[in-house]
Each structure stands twice: as C-alpha cells, then as structure tokens.
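**Student:** Compute the structure for the input listed below.
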Amino acid sequence: MTSLPASPASVRIDAWLWAIRAYKTRSAATAACRAGHVRLNGSPAKASATVVNGDTVTVKMSGYERTLEVRRLINKRVGAEAASHCFTDHTPPRPVAPALGLPQRDRGAGRPTKKDRREMERLRGPA
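**Tutor:** Numbering: from 1, shown residues only. Next comes the predicted model:
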C-alpha cells in the first residue's frame, strides 16, 4: 500500500472527492456540489461542507449514482491504489442494457448494398 499523508480532523467535501479521484479536477467537484449532484448523509452538500469518517457521500455521475462511505480523510490527491483505501464503494451494480435484435455487419465488410439497406430499414420498422 502506498503511504498516505497524515489524516486531518475534517476535510471539505469537494477536496475529498477530488483527492479520491471521483472527479478529475477540484473545480469539477465544486461545480458538481453547486449543481446538486453531491449529497452528504442524504442531504444536498455545498462544496464547503466537511466530511468526517463514517459519512455517506452520494455522487451523481453520467447516468448513475455512486454511494461512497468515508473511511479515511485525505485532502491531497494520491495514487489510485492509495485513494481506494480511503472509501468503501456501496454502489449497486449497474443493470446491463438489453441487446437489441439489430443486425450486425461483419467488420470490414464495406458499405451496405441497396438490398442490405432495405433489409435494415424493414427490420427497424417505420420511422
């Protein structure tokens, strides 16, 4: 395990989300807090809200929600392996999208012929 810096008593939520690599930049984490995409223990969190060990942070990210439990406080960005020791991920697995019955062309088969296009349009149905 990579060594982690000393754990402070409390950390701003935007800094913690950036440090554990939930967001690429701290300003992106701050913007997510302002937009209402971050909840701390069930209530909307401002970027300046402080987190302590045992808190639950819910983050909305591109179509799904991550539920994270704070295990260790850090305010400096560390490697991905070290960051993974600072939280417990309680996110339920995402459902697998059902496979559509659309025809698949072989890779490298070139452009579809007029006949192929008509068959694909027939299978898709009226537009």
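**Student:** Next, find the distance separating the most centrally placed residue in the chain from L68.
**Tutor:** The residue lying closest to the centre of the chain (CA atoms, centre = their mean) is M61, at 4.4 Å. Distance of M61 to L68, given as CB to CB, to the nearest Å: 11 Å. From N, CA and C alone the C-beta is placed, and that goes for glycine too.
**Student:** okay, and the common contacts of the two?
**Tutor:** Common neighbours of M61 and L68, counting by CB atoms under 8 Å, 6 or more residues apart in numbering, are A22.
**Student:** The residue nearest to the centre of the chain bridge partners, please.
**Tutor:** When assigned by DSSP bridges, M61 has beta-bridge partners Y64.
**Student:** What distance do you get for it to T67?
**Tutor:** 11 Å.
**Student:** CA atoms of the worst-scoring helix or strand of the chain on mean pLDDT as PDB?
**Tutor:** Every helix and strand in the chain was compared by mean pLDDT, DSSP states H and E; the lowest is helix 114-124, with a mean of 87. Provided in PDB are the C-alpha atoms of helix 114-124 (Å, rounded to 0.1, in the frame of the first residue of the first chain):
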ATOM      1  CA  LYS A 114     -29.000  -1.200 -51.500                       C
ATOM      2  CA  LYS A 115     -30.500  -4.600 -50.700                       C
ATOM      3  CA  ASP A 116     -28.800  -4.600 -47.300                       C
ATOM      4  CA  ARG A 117     -30.100  -1.100 -46.500                       C
ATOM      5  CA  ARG A 118     -33.700  -2.100 -47.400                       C
ATOM      6  CA  GLU A 119     -33.500  -5.100 -45.200                       C
ATOM      7  CA  MET A 120     -32.200  -3.000 -42.300                       C
ATOM      8  CA  GLU A 121     -34.900  -0.400 -42.800                       C
ATOM      9  CA  ARG A 122     -37.500  -3.200 -42.900                       C
ATOM     10  CA  LEU A 123     -36.200  -4.600 -39.600                       C
ATOM     11  CA  ARG A 124     -36.100  -1.200 -37.900                       C
END
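**Student:** what comes up buried for that helix?
**Tutor:** Using 16 or more other CB atoms under 10 Å as the burial criterion, none of the residues of helix 114-124 qualify.
**Student:** How about stretch 47-65?
**Tutor:** By 16+ other CB under 10 Å, the buried positions in stretch 47-65 come out as 47, 49-51, 55, 57-59.
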